[in-house]
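**Q** Any chance you could fold what I've pasted below:
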Amino acid sequence: MFESSAMNDSRNPVAIGSRWLADFAVAVATSDAARLSALLEPGGHWRDVVSLTWANRRRSGDDVPGALLDAARTVGLRDLRLSERFPAPRFAKRSARDVLEVFFDFTVDAGEGTGIARLVPGADDNWVAWIVFTSLQRLRRDAMPPDPGDPEEVYRDPRDTWSRRREEEQRHDGEPEVLIVGAGQAGLTLGAYLRRLGVDALLVEKNARVGDNWRQRYDSLVLHTPKQVVPLPFLPYPETFPMWIPKDQYADWLEHYASALELNVWTAAEVTGAEYDDAEGRWTVRIARSDGSETVRRPPHLVLATGGGYGSIPYIPDLPGLDEFGGEVLHSKHYVNGRAYAGKRAMVVGVSTSGHDIAYDLCEWGAETTMLQRGTTVLVSPHMANQAYGAYLTGEQSVEELDLIGASGFIEPVTVSALRALTRQAVEYDRELIESVTRRGLRLDQGPDDTGWMLKSIKLSGGYYINAGASFAIAEGRIAILDAAELVRFDERGAVLRDGTRRPLDLIVLATGFLEPQEDVRAILGDEVAEKMGNVFRFDEEGEHTDMWRPTAQRGLWIMGGGIPTARNYGRYLALHLAAALRGLHPLYQSAGDVAEAPAETR
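**A** Numbers count the residues shown, from 1 in each chain. Take a look at the predicted model:
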């Protein structure tokens, strides 16, 4: 949704943007709601991430002036100025609308922020803000560690070698400030941001090696998002990496990343339970080690970074007769490849991304393959899927800049409008592909509110497929489609169909996704905390995640997740929440037990 075409306008964007920002600063400084209203488009939007609300919040229309000014007074919003780190005001097309985009920086009591205003022409040749976005980017100087590039670092004690310090850090005999459960891409991303903020974080990973959560996936898996969109913070991929990174190469990269970023990770270690002490403001976390011993750590903050925030416990549907089937049944989480199934008969239950990938893999290995479809799915070609990432692919703008632009536009009414337009283009471009699979019986939809695949990805973490070859195999009849309405039950030999026929099977793969992330919470923290948290992966009436990357219903518990680009973008803000809580800057964590000393150096 980052179009690169600009408005054909000879007016000076810097002068217009500067004038609007100066007026905005006066309205904020004087708490003048009428003056602020005149600077906003009727029906416009304000979105804040941490800086003014210590949450992710959105206000629209008449609610914006009062809510923004109230928040500004609370956090001491001041010193608004054009950004020095990001481009000067410019004309651009954002979310299918021509705008004047203004990056600005500001100060609040807790630190420094960056905002974006998307201006459009208003009445009397004035420019008004369609969208105002504000975000916290750094804590104030006294809460930050020294710059790791400080030349004074050369005067370290020569006996204090890097390797000795890293061995001591990895052993981690003390109590961490933050304990992160899971060292996949989400946990590592948060760990990297926390280290840069001087926060002592320990990551606990149950697998033997960092990256095993990817190594253990099916062999043919590649990242379904181009490499330009999915870098982790602080360390770009080598230029030699392919556009679509294979899962084993990505697994090795995660292991390298943890080492290069000096993250403290305990592998082959599993958190078996934890309880929170309200009086002390600390968790008691029990960790089973590979040697059979149990270690206890007592951090003030615990982060669950399991399953990308989407859940990690396989969902096994209640399919009639499945327990009677005499062949092999496995969940997609445990599928490796189709080598052993050449010449055999396989059924894949599910038609989302994993279902398509596994069906295609089985087909290519020579299995007679059927996909059992229970619900509709969105189909899109890689070419059209990439239109949502346009500016990332050109390399003309930094990932940090594009992440800010993306966050500024994550406002449900805006997102829906833009994605509908993109979906109409995709349906037209992919018409032949869509018709070729629907003729074979595959039922498709166009996503919630006709927004295509991306909103399904964000809100449902599934229900779509970016064609990596399976669609062609379906169109050619090499992968059969069976609608679940035609299935009566399974028996010992295979599937019994409504027309009285049978479909013999040797293998059933359940590409049926995972249980709600609330069940991850339950497995580690028990029923009481799980019920307090509720459905972790849900959206509130403002279109924001209720528990991800922000304070949750359980004090001291945080959730880190999202796809790779989302985790990179919002992991920054969760790290700022945690650092602010530890340094006494967070309004929800002000008691003495919550506050730790500011870091003397980057650990």
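**Q** From here on, just use CA atoms for contacts and neighbour counts.
**A** Noted.
**Q** My assumption is that L433 lies in a strand; please confirm.
**A** No. Assigned with DSSP: H, G, I helix; E, B strand; the rest coil, L433 falls outside any strand and is helix.
**Q** tell me which element the closest residue to G469 other than its chain neighbours is part of?
**A** Distance criterion CA to CA, 6 or more residues apart in numbering; nearest residue to G469, sequence neighbours excluded, is Y360 at 7.1 Å. Per DSSP states H and E, Y360 falls inside helix 353-364.
**Q** which residues are contacting stretch 425-442?
**A** 373, 376, 379-381, 384-385, 444, 471-472, 474-475, 477, 480-483 (CA atoms under 8 Å, 6 or more residues apart in numbering).
**Q** Which pLDDT value goes with the residue nearest to G469?
**A** Y360 is assigned a predicted lDDT (pLDDT) of 97.
**Q** From M371, how far off is it?
**A** Distance from Y360 to M371, counting by CA to CA, to the nearest Å: 10 Å.
**Q** Using CSV, list the CA coordinates for stretch 60-74.
**A** As requested, the backbone C-alpha atoms of stretch 60-74 are provided in CSV (Å, rounded to 0.1, in the frame of the first residue of the first chain):
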residue,chain,number,x,y,z
SER,A,60,-11.6,9.4,14.4
GLY,A,61,-13.8,12.3,13.5
ASP,A,62,-15.0,14.7,16.2
ASP,A,63,-13.2,12.6,18.9
VAL,A,64,-9.8,13.5,17.7
PRO,A,65,-9.2,17.0,19.0
GLY,A,66,-10.2,16.4,22.6
ALA,A,67,-8.5,13.0,22.9
LEU,A,68,-5.3,14.2,21.3
LEU,A,69,-5.1,17.4,23.5
ASP,A,70,-5.9,15.4,26.7
ALA,A,71,-3.2,12.9,25.9
ALA,A,72,-0.7,15.7,25.0
ARG,A,73,-1.2,17.4,28.3
THR,A,74,-0.7,14.2,30.2
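**Q** Buried ones in that stretch, by neighbour count?
**A** Within stretch 60-74, the residues scored as buried using 16 or more other CA atoms under 10 Å are S60, V64, P65, G66, A67, L68, L69, D70, A71, A72, R73.
**Q** Thought P300 was touching G281, still the case?
**A** Yes. With contact defined as CA atoms under 8 Å, G281 and P300 form a contacting pair (5.9 Å).
**Q** May I have the lowest-mean-pLDDT helix or strand in the chain exported as PDB, CA atoms only?
**A** In the chain, no helix or strand scores lower on mean pLDDT, DSSP states H and E than helix 453-460, which sits at a mean of 85. Only the C-alpha atoms of helix 453-460 are listed here, as PDB (Å, rounded to 0.1, in the frame of the first residue of the first chain):
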ATOM      1  CA  TRP A 453      -5.500 -11.700   1.400                       C
ATOM      2  CA  MET A 454      -3.700  -9.100   3.600                       C
ATOM      3  CA  LEU A 455      -6.400  -8.300   6.100                       C
ATOM      4  CA  LYS A 456      -7.000 -12.100   6.500                       C
ATOM      5  CA  SER A 457      -3.300 -12.500   7.200                       C
ATOM      6  CA  ILE A 458      -3.400  -9.700   9.800                       C
ATOM      7  CA  LYS A 459      -6.600 -10.700  11.500                       C
ATOM      8  CA  LEU A 460      -6.900 -14.400  11.000                       C
END
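**Q** List the buried residues for stretch 268-279?
**A** Result for stretch 268-279 [16+ other CA under 10 Å]: buried residues A268, A269, E270, V271, G273, A274, Y276.
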